[in-house]
Every structure is written in structure tokens, then in C-alpha cells.
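Asks: Provide a 3D model corresponding to the input given below.
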Amino acid sequence: DPPLEWGGVALDVGAGIGRVTKLLLGPMFGTVDMLECNARYLEKSKDFLVDEERSSAAIRVERRICEGMENFSPEAGRYSLIWIQWCVIYLTDDDFVEFLRRCCGGLTTEGYICVKDNITWNNSFVLDKDDSSVTRSDSLMKRIFASAGLRVVREQTQTDFPKDLFPVKIYALRPKELNIEG
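Replies: Presented below is the predicted three-dimensional model:
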């Protein structure tokens with residue numbers, strides 16, 4: 001697999017006010033687009049992403065996209081990295097698969113999709129009726145990735161989380177077949 005293209009364009013999915021954009025993606029990429037379904041968070045990100053020392057935007061955010069994952073289609077071939085963190089719990093399995101398929105089309109030929117989320121301890125899932133979320137098992141996540149035409153090229157479990165919380169896992173994914181335009 002090719003190395004990740006530093007300096008390209010990254011997409012922060014479920015961006016909130018931009019913590020991942022500011023602390024991870026911004027320093028590594030020339031431009032970051034933010035995808036967030038809450039317009040208030042995107043507005044707050046403008047203040048959060050300002051470097052007080054220079055009084056100018058510290059991170060170059062080209063696009064603030066206010067849209068849900070279930071409807072979003074990225075521009076073909078735009079992204080070196082699509083980072084999806086702690087938000088797929090709000091998608092049905094079918095919507096998750098379709099979202100990932102659309103994301104494949106948004107990657108550069110050397111692009112990656114990274115998914116960071118909680119996983120269950122066993123091969124089951126946990127449905128939270130209070131917030132309508134579903135925490136999936138590692139095996140279910142991998143079945144969803146495969147159904148979306150993705151393969152896992154690297155995976156890692158976060159080690160510094162309390163033992164009484166769900167484990168957190170990061171998956172680096174690449175399309176099984178490249179059908180990227182542009």
C-alpha cells in the first residue's frame with residue numbers, strides 16, 4: 001500500500017467544533033474539509049480554529065459542510081485521508097456501508113479512510129435506546145468494511161482508555177479495487 005499523502009486534503013467526518021481538525025489533521029495536511037450535521041458546531045469551529053498568537057486562522061479549512069453522513073457524497077478524488085471518528089454509531093449498518101462506498105470515490109488513488117470508534121468486547125452489538133446509537137463488534141465493523149469494498153490495512157486498539165469503557169479501535173482502510181475518477 002502507498003504511503004499516506006501528507007499535505008493533501010483531509011476530510012474530518014463528524015467534525016464537531018474541530019478538535020481533530022486542529023490537533024491531528026490540520027498539522028498533517030495542507031487543507032481540511034469539515035463534515036458536521038450540526039450548524040452550530042461548524043460556526044463555533046471558526047473561533048476554535050483561530051491561532052491567538054497570529055490572530056488568523058491557524059488551520060486552513062476550505063469547506064465546512066453541514067450535512068449528515070447518510071446523505072453526503074464527497075467530490076471525486078479529492079481526499080488523501082477521510083477521518084471518521086466517533087460518529088458511525090448513529091448510522092444503520094446499511095447507511096454505514098453506503099457512506100463508506102461513497103467515500104471510496106472521494107479518495108485520491110493513494111488515499112485512505114480511517115475509522116476510529118468504540119467497539120464491543122464480544123461479537124455482539126450494544127443498542128443505546130436513549131441516543132439511538134449502536135456500538136458494533138470488531139467482527140461486525142470488518143463485515144461492514146468488506147461490504148463497502150474496503151480492506152483493513154492496519155488496525156490498532158487504543159491502550160490508554162479506562163477498562164470499564166468500551167475499547168476504542170482505529171482501522172486504516174483502502175478500497176479493494178480502485179474505481180476513482182479524476
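Asks: buried ones in the biggest strand by length in the chain?
Replies: As assigned by DSSP state E, the longest strand anywhere in the chain is strand 107-118. Buried residues in strand 107-118, counting neighbours by 16 or more other C-beta atoms under 10 Å, are found at 107-108, 110-118. Any C-beta I mention is one placed from the backbone N, CA and C, and that applies to glycine too.
Asks: off-centre distance for it?
Replies: 7 Å (C-alpha atoms, centre = their mean, to the nearest Å).
Asks: give me the mean pLDDT for that strand.
Replies: Per-residue pLDDT over strand 107-118 has a mean of 96.
Asks: and that strand, what other elements does it pack with?
Replies: Applying 3 or more C-beta pairs under 8 Å, 6 or more residues apart in numbering; DSSP states H and E, one finds that strand 107-118 contacts strand 79-85, helix 93-105, helix 138-147, strand 168-175.
Asks: what mean pLDDT does the first one have?
Replies: When you say that, I think you mean strand 79-85. Average pLDDT, strand 79-85: 97.
Asks: and that strand, what does it pack against?
Replies: When contacts are defined as 3+ C-beta pairs under 8 Å, 6+ apart, strand 79-85 sits against strand 9-13, strand 107-118.
Asks: specify the angle between the shortest one and strand 79-85 in degrees.
Replies: Going by axes from the mean of the first three to the mean of the last three C-alpha atoms, to 10 degrees, strand 9-13 is angled at 20 degrees with respect to strand 79-85.
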